[in-house]
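Student: need a 3D model of the sequence below.
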Amino acid sequence: MSTYNLSSPERGRFLLHYALSALLAVVLLCSAALAADKPLRPCFPGISGMAILDEHSLLVVYDTKNKPKNADKPRVAALTIDRKGRPELRDVRLTWPASAALPNDLESICPVPGRTDEFLAAESGFYQGRYGRVFHLLIQRANTRWTGAVLAVYRLPADTDNVEGLVCLRFDDQRKLLLLGERGGSDANPNGKLRLCSIGTDNALQVIQEQALSVDDTLWSDPLRNRDIAELYLDPEGRLWGAAAQDQGDGGPFRSVIYLAGKVETQAENPLQLRPAPLVVYRIDGFKVEALCAPLIPGSALSAGTDDEDYGGTWRPLQELLP
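Tutor: Sure, this is the predicted structure:
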């Protein structure tokens with residue numbers, strides 16, 4: 001095998017030639033983009049909910065509406081943190097039931113307890129008498145890709161109003177227990193609402209307990225635009241976290257708080273043990289937090305995702321602030 005030893009001047013000319021070639025390639029690519037007059041857009045999409053997928057990845061859902069132009073758009077994706085700590089998104093190849101409409105406005109997702117590859121994802125509610133579903137998903141890895149299938153479809157209560165938080169408390173042969181968080185912020189339902197539901201043999205959710213939840217904070221400039229429950233997350237200690245957000249339209253400005261609502265005792269007769277008032281732990285101005293889950297980054301307390309509408313979205317680890 002031949003080898004070539006470059007002298008210092010030759011090595012310098014080679015590196016200069018390589019650098020100039022790379023620079024020329026970048027210039028040509030940028031020139032082509034400018035010639036096509038293509039505007040730069042936010043590259044990270046808005047996240048409506050997320051859950052831990054494995055030690056390096058999160059499963060996220062998008063609030064894609066079921067319109068003809070969105071038929072090929074993803075509803076679910078895997079957000080993976082690479083070795084350098086950078087997030088990357090890959091669509092999950094999901095096989096949706098052929099006899100049913102594609103998901104419309106998925107706003108929340110949670111893991112199924114005791115099952116590492118199963119999740120529940122909920123639509124926000126009904127639209128013109130359609131949708132209002134919770135999908136039981138099986139998510140598996142195939143080499144570098146994620147694939148999935150729908151194991152079952154459950155029906156939300158008929159009077160559901162904008163579900164944005166979902167927690168699976170129990171899921172076994174004896175009982176299937178879910179906690180829904182309805183966001184509030186409308187004339188008809190100004191405050192958030194927690195609804196404890198069981199899944200019947202007909203796959204319909206039946207409300208067995210409900211409780212209002214209101215988040216008062218000095219950040220809110222317009223209480224009527226405050227959504228008390230933009231997300232729910234139950235941590236391993238049984239603490240129930242929530243996110244509240246102020247949404248003044250797709251252009252913002254947005255404001256969010258992340259709070260502790262109380263605790264959940266899954267085996268108790270009355271599982272919900274709410275605080276007299278939510279304890280605000282994080283205040284985040286300029287962003288609309290709609291996703292919370294367990295931390296991925298060592299030393300962090302939570303993972304938070306946002307759906308900032310016209311501005312795309314973000315994902316960030318949050319520092320531990322509780323004693």
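Student: okay, now the unreliable bits of the stretch 101-250 of the chain?
Tutor: Filtered on pLDDT under 70, the stretch 101-250 of the chain yields the residue ranges 217-219, 223-224.
Student: report the buried residues of stretch 177-195.
Tutor: Of the residues in stretch 177-195, 177-185, 191-195 count as buried by neighbour count, 16 or more other Cβ atoms under 10 Å. Placement of C-beta: from N, CA and C, glycine included.
Student: one more: stretch 193-202?
Tutor: Taking 16+ other Cβ under 10 Å as the neighbour-count basis, stretch 193-202 is seen to contain the buried residues Lys193, Leu194, Arg195, Leu196, Cys197, Ser198, Ile199.
Student: and the helix or strand where Gln246 lies, how far out from the chain middle?
Tutor: The secondary structure element spanning Gln246 is strand 239-247 (assigned by DSSP states H and E). Here the centre of strand 239-247 is set off from its chain's centre by 13 Å, with Cα atoms, centre = their mean, to the nearest Å.
Student: list the buried residues for it?
Tutor: If you call a residue buried by 16+ other Cβ under 10 Å, then strand 239-247 has these buried ones: Leu240, Trp241, Gly242, Ala243, Ala244, Ala245, Gln246, Asp247.
Student: could I get the contacting residues of the residue positioned nearest the centre of the chain?
Tutor: Residue closest to the mean C-alpha point of the chain, counted by Cα atoms, centre = their mean, is Gly49 at 2.0 Å. When contacts are counted by Cβ atoms under 8 Å, 6 or more residues apart in numbering, Gly49 touches 60-61, 106-110, 121, 164, 166, 231, 290-291, 305.
Student: over to Tyr131?
Tutor: Asn66, Ala101, Pro103, Asn104, Asp105, Glu123, Gly125.
Student: hey, what's it bridged with?
Tutor: The residues listed as beta-bridge partners of Tyr131 by DSSP bridges are Phe126.
Student: measure the closest residue to Val153 other than its chain neighbours to Leu274 for me?
Tutor: Taking Cβ to Cβ, 6 or more residues apart in numbering as the measure, Val153 lies nearest to Arg133, with 5.4 Å between them; neighbours along the chain are not counted. Arg133 sits 27 Å away from Leu274, going by Cβ to Cβ, to the nearest Å.
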